[in-house]
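**Q** Would you be able to build a 3D model of this:
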Amino acid sequence: MDFPEEKSAPPDTKDVEHVIASLQQIIKHEDVRADVVANKQLRNRLAEACRHTMLRLEQPWDSIRRYNYAVFDVAIAKTGHSMGLWAALVAQSPKPVHATQLAETTGVQFALLMRLLRYATAQSMVEQTDVLSFRAIEATRTLSMPLMKSSFAVATEILFPSALAMDAYFKSSGSEEPTDRGNTLFQQAFNTSQHCFEWLSAKPDLGQDFFNLMIVRRAGLKTWLEGFAVEKYIDVNDNTDRIQFVDVGGGTGQQALAVLQKHPEIAGKVVVQETPSLGALKLLQKDPQGLTPMAADFFQPNPLKGAKAYYMRNILHDWPDAECRVILGHLRDVLEEDSVILLDDLVVDDMEMHWHPSATDLTMMTLLAAKERSLAEWSALIESVGLERRENVAYDSYGLNIQVLGRKS
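**A** Now for the predicted structure:
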């Protein structure tokens, strides 16, 4: 984030009017917004500056209403998706659609539809072009995506009830952070002794929604292979049978497949490890796409010794420190001198943290007694198991990093 220093001279009224005029051009013209979005760094700085400006200009009545009425953002977004409202607008984009046509298309009562659309307009979910006409904008297209159904299901059926148990949980826990996956806000909210993933296994539809969300949640973000030179840590010219890349806990192998597609020279030397109890391994075994599926539990000794690179994506942020030490310890034990562990996970800033990783951190705490970690916290964890960080590459402005680990020299 790039905020002015406290000692800088305050802008005069004319400066503020100029800023407002510039912002209105961005608000009114999609082509101008497209130009801003094309410059990711500029877009991120502008978005954060606008968000913080809005929050710091709030008067008490603004803050009270925002907190009290925040639930309607998700309620309207979810309802509009279920009704087919967003899809109906997108289908006619970029043309505006009259409310009577929308009512006919969706089967929603005209009076109700207008009330929903007024709120959606106020929250920039849609654009109002006339008294009774509305047009799809960027947010509308996102809300119309089929996988948003899964996002709404996870939010409303898992995360919201768990998060709302926060006050009661901390009153009963003595205001200490959870460190036991069997005693989290999730267990309090649902009155269960099961871990979150155990609970989900008995609810296949909701479990599929959760899996869908894990796939789509990085949509639009820079991929790790765009920002990290994996070829530095694998040997594309290796003439032996040595495995070059192991995706630990790799699900259906999306990341391993991306590596193989980028470096087809290592065909036959890319392994995906996953627990046999999960359906992902069975799916991959049916269609391996050049990958080698391997049953493995990262809480047990790793069956594959001496590979060049062991990759883990969003694994350790699911677990408290004690469990992470077990996972890292098993990988440490199979490393050769030139082997590395590639940790693809968030690294949170100690100052001026973006709200995305801060929200993810609370999600991990709420559901799994886990956490997102700062670089110092990562260092303490890594060094506690006899490993060292050899390189750290931030490949996205939201805190996504690849940490390269090896045995301590």
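**Q** show me where the stretch 51-200 of the chain has strands.
**A** For the stretch 51-200 of the chain, applying DSSP state E, counting those that start in this stretch gives strands covering 97-98, 126-130, 133-136.
**Q** What is the burial count for the closest residue to Gly84 other than its chain neighbours?
**A** Of all residues beyond its chain neighbours, the one nearest Gly84 is Thr106 (5.2 Å), with distances taken as C-beta to C-beta, 6 or more residues apart in numbering. (Glycine included, C-beta is placed from N, CA and C.) With neighbours defined by other C-beta atoms under 10 Å, the count for Thr106 comes to 18.
**Q** burial count for Ala163?
**A** Using other C-beta under 10 Å, Ala163 has 18 neighbouring residues.
**Q** Let me have the strands of the stretch 51-200 of the chain in JSON lines, adding mean pLDDT and distance to Gly174 as columns.
**A** What follows is these, written out as JSON lines (pLDDT from 0 to 100; distance: least, C-beta to C-beta, whole Å):
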{"stretch": "strand 97-98", "mean pLDDT": "98", "distance to Gly174": "55"}
{"stretch": "strand 126-130", "mean pLDDT": "97", "distance to Gly174": "46"}
{"stretch": "strand 133-136", "mean pLDDT": "98", "distance to Gly174": "49"}
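**Q** Most tightly packed of the ones you listed?
**A** Between the strands of the stretch 51-200 of the chain, strand 133-136 has the highest mean count of neighbours, a mean of 22, where neighbours are mean count of other C-beta atoms under 10 Å.
**Q** who does that strand pair up with?
**A** strand 97-98 (antiparallel), strand 126-130 (antiparallel) (DSSP bridges).
**Q** Dump stretch 56-75 to CSV, keeping only the CA atoms.
**A** Backbone C-alpha positions of stretch 56-75 (Å, rounded to 0.1, in the frame of the first residue of the first chain) are rendered in CSV as follows:
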residue,chain,number,x,y,z
ARG,A,56,-11.4,6.7,7.2
LEU,A,57,-14.0,9.3,6.0
GLU,A,58,-16.8,7.3,7.7
GLN,A,59,-18.9,9.1,10.3
PRO,A,60,-20.3,7.0,13.2
TRP,A,61,-23.7,6.5,11.4
ASP,A,62,-21.8,5.2,8.3
SER,A,63,-19.9,2.6,10.4
ILE,A,64,-23.0,1.5,12.3
ARG,A,65,-25.0,1.0,9.1
ARG,A,66,-22.1,-0.8,7.3
TYR,A,67,-21.6,-3.3,10.1
ASN,A,68,-25.4,-3.8,10.7
TYR,A,69,-26.3,-4.2,7.0
ALA,A,70,-23.2,-6.1,5.7
VAL,A,71,-25.1,-9.3,5.7
PHE,A,72,-27.2,-8.1,2.8
ASP,A,73,-24.2,-8.0,0.4
VAL,A,74,-23.9,-11.7,0.5
ALA,A,75,-27.7,-12.3,0.8
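**Q** And the residue lying closest to Lys222 once chain neighbours are set aside, how far from Ala88?
**A** For Lys222, ignoring the flanking residues on the chain, the nearest one in space by C-beta to C-beta, 6+ apart is Asp396 at 4.7 Å. For Asp396, the distance to Ala88 under the criterion C-beta to C-beta, to the nearest Å works out to 34 Å.
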